[in-house]
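In: Starting from these lines, generate the structure:
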Amino acid sequence: TESEVSALLQRATTSNVKLGPLPDGLCNATSAGTLRFVQGSAQVCDGLTWAKLSMPVYSSCSEIKDQTFTTLSGWYTVQTPRGLQQVFCDMITDGGGWQLFAVKRTPGFDFIGVPPDALTYPTVDPAHDSVGWIPGNSSFNQVMFRFSSVEPNSYVVYTSGNAIFDAYLRGLSSTDNIQNFGSWFRFVRGVRTPEFNSAVVSGMHSYLTAGISESHSGSDLWVDMWSGADLGTNNYLFSDNVIARGTKCLAGFCYEDVPIWLMFRNNRVLNNIVPAPTSNGLWSSCSQLRRFGKVTRSNVYTITQNGNSASVYCDMETDGGGWTLYATKVSTGFDFITNTRATTANDVISADNAGNIPLGQQWSQIMWRFRTQYSGLYVAYQRTNATTTFNDFVEGATVPNTIEQIDGFWKSCDGTTRSPTSGTTSFPRWHWYQASGMSQDHGLTQGWVDMWSSPDTTSAGYTYFDAAANVGTKCVCGVCLSDPILLMYRAVSPSLILTGYPAPTSLFQSCNAIKGANSASSTGIYPIQLPNTDILEAYCDMSLEGGGWTLFATKVSYWFDFTTATFNPTALVSTDLDMAGHIPAGASWTQVLFRFKSTASYYVVYTRGGTPALDTWLEGPGSSTTGSANNAGGFYRVVSNTRTPATGTASIGILYWNTATGLSETHGGSDDWIDMWSGAETSNSYAFSDNPTAMGTKCLAGYCYLNDPINMYYR
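Out: Below is the predicted model of the structure:
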């Protein structure tokens with residue numbers, strides 16, 4: 001509509017667009033870029049003629065949600081067989097994508113009508129009684145019953161499959177029908193019943209001249225929208241008026257004058273399967289479901305890991321979500337970490353479940369939380385580098401009984417406040433062993449994670465416990481409970497979701513391929529699929545030097561050895577942690593970029609072939625873990641937009657590389673190229689250094705920063 005276009009024009013920044021029309025209406029070079037609204041259409045001057053603008057028009061609220069990921073509920077324009085039509089969409093509840101088709105406000109109102117034909121859409125008013133039906137040409141697989149303005153977290157959902165009831169919802173069945181059928185689930189103030197999958201509701205009654213209701217002698221906890229009140233049994237959770245009982249009730253709540261909305265959608269997440277744009281079919285972690293599939297509900301989902309289909313439990317809410325379950329502890333003496341390397345995660349959240357982070361998974365964070373009680377409490381660990389013994393332990397390696405100081409922990413013990421407020425803290429004595437568990441050393445002040453196989457008899461520092469046997473054996477945040485403790489992992493925080501990046505329609509092997517195919521300009525995390533791997537997350541620099549760079553290693557600590565002979569998929573996604581890696585096998589590349597994370601003012605680029613032995617080392621050292629070259633060729637550097645050399649590449653006098661120490665021109669050399677060794681140098685020809693320890697260890701193009709991560713990319 002004209003008002004919608006006007007609103008869009010008002011949002012446009014005047015630095016990028018001119019607002020029209022021009023007084024004379026002429027389109028020429030002077031008026032190029034001017035927008036105007038004429039004869040019912042938006043037009044833009046391209047410098048020669050006025051061209052009509054086209055905007056995507058979708059066929060349903062579900063399609064709008066899937067394509068735009070909007071969370072704004074309200075009126076939208078959709079394409080129907082009879083032209084454009086305004087429809088009301090709920091884009092939030094249960095993942096959104098719901099289209100309103102009928103409204104019941106008056107207790108005795110019959111809200112399902114008979115359509116004049118299969119192509120007619122009903123006219124609905126969200127605030128008033130509206131007869132409706134699901135249009136014959138609209139695909140649907142779920143129907144939601146919800147109140148318009150109260151109990152936003154209490155609603156009922158039906159999944160299609162019962163032929164008679166489906167026909168009734170389309171206004172095509174006049175049968176007075178009573179059946180026991182599924183598939184249903186309900187939410188009561190945020191709690192789902194059943195927790196997974198769906199339930200059969202007994203005595204569900206549907207009739208065009210009366211409504212929808214379970215039997216008035218039934219549970220009173222599903223849908224009760226009959227034309228007459230339930231004056232008999234009363235198992236309702238709440239009713240504001242006796243006349244509302246049985247006539248205006250959902251999930252046990254009855255409100256006489258609040259409209260009930262009936263809404264349908266075609267849910268792409270139905271059956272907990274979220275397709276990925278690949279021949280393999282499925283995403284490979286809960287992190288990917290959250291980031292790329294935009295899944296926001298904690299549940300059991302089907303994914304692919306190491307080529308195998310797996311049913312896994314995903315926490316999509318705690319601390320931003322994206323967590324994949326790998327182990328569960330219910331019994332106090334249960335040893336929950338196994339040294340048998342798992343190939344997939346799992347969905348066992350109610351029973352003892354020994355496991356480890358599956359082979360080849362991307363993870364930089366793990367979390368401990370209770371399953372249901374105190375579910376807002378959690379403790380998390382930030383992986384500090386790729387090779388610590390504790391990391392090996394949770395990945396299923398056999399390790400000795402170990403007590404060490406470990407960095408990288410944070411927690412939230414009230415459901416809202418993070419401690420520490422930023423960054424992480426360390427445990428002075430963190431204890432782990434396959435035959436016993438993991439815990440702060442017993443006897444210390446507790447308040448983090450205590451999951452040992454034997455109780456802590458000192459009981460020091462615990463804030464609450466429901467049984468003495470749980471003290472020191474099943475504790476998170478100092479709270480010790482019989483409730484299962486879930487252990488979960490994820491790649492990185494979902495805060496790095498690219499809000500401007502649409503759902504991928506195909507998968508590529510590198511960031512450069514994504515850049516070329518989609519003209520992507522936003523730096524961030526994208527899905528890629530390397531040869532013979534599951535889908536992976538990769539951090540892409542889409543701006544520097546034309547973009548298309550794929551991350552493969554990061555050096556944060558001055559001493560860290562950032563290359564490894566074993567492919568580490570987490571190195572593709574982590575920009576701010578020590579993460580050793582190499583260019584993946586089968587990757588196509590011609591350049592490597594060395595840059596600081598926080599500044600693009602100083603960086604070095606290496607061109608493949610300039611030093612062939614270095615190429616081999618960057619692709620995975622293998623047996624050649626060390627090497628050097630005189631006049632190592634293939635490099636150029638950029639300092640404050642000045643390129644050296646101006647064209648082509650240059651040589652570094654003496655260049656050393658070693659898996660155990662790093663990559664650097666010889667100490668005492670020019671100090672103008674790459675100096676990423678494990679030990680500092682005393683000679684100083686650097687243009688700048690913020691700390692003497694950074695000299696020779698964290699330097700690019702003559703600039704040294706001790707705490708700014710150096711990221712290595714290929715394209």
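In: C-alpha only now, for contacts and for neighbours.
Out: Will do.
In: which residues touch Ala571?
Out: Leu551, Phe552, Ala553, Thr554, Met579, Ala580, Gly581 (CA atoms under 8 Å, 6 or more residues apart in numbering).
In: Any idea how far apart the tips of stretch 285-305 sit?
Out: End-to-end distance for stretch 285-305: 8 Å, by CA to CA, to the nearest Å.
In: Buried residues in it, which are they?
Out: Within stretch 285-305, the residues scored as buried using 16 or more other CA atoms under 10 Å are 285-296, 298-305.
In: Ok, stretch 658-667 next?
Out: Residues Asn658, Thr659, Ala660, Thr661, Gly662, Leu663, Ser664, Glu665, Thr666, His667 are the ones in stretch 658-667 that count as buried (16+ other CA under 10 Å).
In: Can you flag which of those residues belong to strands?
Out: Asn658, Gly662, Leu663, Ser664, Glu665 (DSSP state E).
In: Just put the residues you listed in a markdown table and tack on pLDDT and distance to Thr570.
Out: Compiled in a markdown table, these are given as follows (pLDDT from 0 to 100; distance: CA to CA, whole Å):
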| residue | pLDDT | distance to Thr570 |
| --- | --- | --- |
| Asn658 | 93 | 21 |
| Gly662 | 95 | 19 |
| Leu663 | 96 | 21 |
| Ser664 | 96 | 24 |
| Glu665 | 95 | 28 |
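In: Which one of these is nearest to Ala513?
Out: Leu663 (27.9 Å; CA to CA).
In: Go ahead and confirm the closest one touches Ile674.
Out: Yes: the pair Leu663 / Ile674 is scored as a contact, 7.2 Å apart, by CA atoms under 8 Å.
In: in the stretch 301-450 of the chain, which spans are helices?
Out: 389-394 (DSSP state H, counting those that start in this stretch).
In: again with the stretch 1-150 of the chain
Out: 2-11, 61-68.
In: on that earlier part again, so which of the buried residues of stretch 285-305 sit within strands?
Out: Asn299, Val300, Tyr301, Thr302, Ile303, Thr304, Gln305.
In: For those, give me JSON lines that also has pLDDT.
Out: Below are these laid out as JSON lines (pLDDT from 0 to 100):
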{"residue": "Asn299", "pLDDT": "86"}
{"residue": "Val300", "pLDDT": "89"}
{"residue": "Tyr301", "pLDDT": "91"}
{"residue": "Thr302", "pLDDT": "90"}
{"residue": "Ile303", "pLDDT": "91"}
{"residue": "Thr304", "pLDDT": "90"}
{"residue": "Gln305", "pLDDT": "92"}
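In: in the stretch 601-715 of the chain, which spans are helices?
Out: Under DSSP H, counting those that start in this stretch, the stretch 601-715 of the chain gives helices at 612-618.
In: what residue ranges in it are flagged as low confidence?
Out: For the stretch 601-715 of the chain, applying pLDDT under 70 flags the ranges 621-624.
In: do the same with the chain
Out: 1-25, 39-40, 54-55, 278-280, 386-387, 445, 459, 494-505, 621-624.
In: CA atoms of the top strand by length along it as CSV?
Out: Using DSSP E to define each element, the chain has its longest strand at strand 626-639. Output of strand 626-639 as CSV, limited to C-alpha atoms (Å, rounded to 0.1, in the frame of the first residue of the first chain):
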residue,chain,number,x,y,z
THR,A,626,59.9,-27.7,11.0
GLY,A,627,61.6,-25.8,8.2
SER,A,628,63.2,-22.6,7.0
ALA,A,629,63.9,-20.8,3.8
ASN,A,630,66.2,-18.1,2.7
ASN,A,631,64.5,-15.4,0.7
ALA,A,632,61.1,-16.9,1.3
GLY,A,633,58.9,-15.5,-1.4
GLY,A,634,55.2,-14.8,-1.9
PHE,A,635,54.5,-12.0,0.7
TYR,A,636,53.2,-8.5,0.8
ARG,A,637,52.2,-6.4,3.7
VAL,A,638,49.8,-3.5,4.3
VAL,A,639,50.3,-0.7,6.8
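In: Quick check: Val592 is in a helix.
Out: No: read with DSSP: H, G, I helix; E, B strand; the rest coil, Val592 is strand and lies in no helix.
In: Not including adjacent chain positions, what is the nearest residue to it?
Out: Leaving out its chain neighbours, the residue that sits closest to Val592 by CA to CA, 6 or more residues apart in numbering is Tyr714, at 4.4 Å.
In: For that neighbour, give me its contacts.
Out: By CA under 8 Å, 6+ apart, the neighbours of Tyr714 are Trp549, Thr550, Leu551, Phe552, Ile583, Trp589, Thr590, Gln591, Val592, Leu593.
In: how much space between it and Tyr301?
Out: 33 Å.
In: What of Ile528?
Out: Taking CA to CA as the criterion, Ile528 is separated from Tyr301 by 21 Å.
In: Got the phi and psi for Thr343?
Out: Torsion angles at Thr343 (phi, psi; degrees, to the nearest 10) stand at phi -100, psi -20.
In: pretty sure it is touching Ser309, no?
Out: No: assessed by CA under 8 Å, Thr343 is found out of contact with Ser309, at 10.3 Å.
In: shared neighbours of those two, anything?
Out: With CA under 8 Å, 6+ apart, Thr343 and Ser309 have no common neighbours.
In: what's the burial count for Val201?
Out: 20 (other CA atoms under 10 Å).
In: typed the wrong thing, it's Gly524
Out: Gly524, neighbours per other CA under 10 Å, totals 16.
In: And it, its phi and psi?
Out: Per degrees, to the nearest 10, the backbone of Gly524 is at phi 170, psi -160.
In: do the same with Val330
Out: Dihedral angles (degrees, to the nearest 10) for Val330: phi -110, psi -50.
In: Quick one: residues contacting it.
Out: Ser350, Ala351, Asp352, Ser482, Asp483, Pro484, Ile485.
In: Give me the distance between the fifth one and Asp94.
Out: Spelled out, it's Asp483. 26 Å.
In: Pick out whichever of those two has more residues nearby.
Out: More crowded of Asp483 and Asp94, by other CA under 10 Å: Asp483, with 21 against 16.
In: Settle this for me: that one is touching Gln373, isn't it.
Out: Yes: counting by CA under 8 Å, Gln373 is a contact partner of Asp483 at 6.6 Å.
In: Can you get me a residue count around Gly182?
Out: 17.
In: Sticking with it, tell me its helix or strand.
Out: Taking DSSP states H and E as the criterion, Gly182 maps to strand 177-188.
In: Which strands or helices does that strand pack on?
Out: strand 155-159, strand 191-193, strand 199-207 (3 or more CA pairs under 8 Å, 6 or more residues apart in numbering; DSSP states H and E).
In: Quickly run through the sheet partners of the shortest one, with directions.
Out: This points to strand 191-193. If you go by DSSP bridges, strand 191-193 pairs up with strand 177-188 (antiparallel).
In: Report the buried residues of the strand it pairs with.
Out: Quick answer for strand 177-188 (16+ other CA under 10 Å): Asn177, Ile178, Gln179, Gly182, Ser183, Trp184, Phe185, Arg186, Phe187, Val188.
In: can you put those in a markdown table and add distance to Gly281?
Out: Below are the buried residues of strand 177-188 laid out as a markdown table (distance: CA to CA, whole Å):
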| residue | distance to Gly281 |
| --- | --- |
| Asn177 | 39 |
| Ile178 | 39 |
| Gln179 | 36 |
| Gly182 | 28 |
| Ser183 | 25 |
| Trp184 | 27 |
| Phe185 | 27 |
| Arg186 | 29 |
| Phe187 | 30 |
| Val188 | 34 |
